[in-house]
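Student: give the three-dimensional model of this entry:
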Amino acid sequence: MWVTAVALLYGTVELYHYKPENIRDPRVLSLIRKMRVNVDPELDKLYPSAIPNRITVKFKDGRELTARVDHPRGGHPKNPMTDEEVEDKFRRLTDGLLTPSQANTVINLVKSLENIKDMKQILKAIVI
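Tutor: Numbering: from 1, shown residues only. Presented below is the predicted three-dimensional model:
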């Protein structure tokens, strides 16, 4: 519920959202108190060929918006992330931990993984 509330409020869930001061964000906690989670047996039957999720947002004025995703991006083989998306995610997740040069080195090493004779190369590249 926390991740869903963060995504609804901020449009994305990033590493910085998990900082202690953001975990207890009053806006997130307020939204969580308004949420209800239900298991839909019909959607549940689709697993593992799909990992369906449906969300309905009800507004104070009575409007409702519903969205359903059966194959989450990067979370199901039927909807894989592109190489560029994986690289971007890696850069975002390591920002502030690895230098841009280190991130480039790791990405290039992983792209040529079949040529690496010793995994220590990658381990050395990710030393913080």
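Student: what distance do you get for the residue nearest to His17 when sequence neighbours are not counted to Lys58?
Tutor: Counting by Cβ to Cβ, 6 or more residues apart in numbering, His17 lies nearest to Val6, which is 5.2 Å off, once chain neighbours are set aside. Yep, even glycine has a C-beta here, placed from its N, CA and C like the rest. From Val6 across to Lys58, the span is 19 Å (Cβ to Cβ, to the nearest Å).
Student: out of the two, which sits in the busier spot?
Tutor: Shown here are Val6 and Lys58; by other Cβ atoms under 10 Å, Val6 has more neighbours (22 against 12).
Student: helices or strands next to the helix or strand in which the residue nearest to His17 is found in the packing?
Tutor: Using DSSP states H and E, Val6 sits in helix 2-10. Here helix 2-10 touches helix 26-33, going by 3 or more Cβ pairs under 8 Å, 6 or more residues apart in numbering; DSSP states H and E.
Student: and the helix it packs on, what does it pack against?
Tutor: Packed next to helix 26-33, using 3+ Cβ pairs under 8 Å, 6+ apart, are helix 2-10.
Student: tell me the buried residues in the helix it packs on?
Tutor: 2, 4-6 (16 or more other Cβ atoms under 10 Å).
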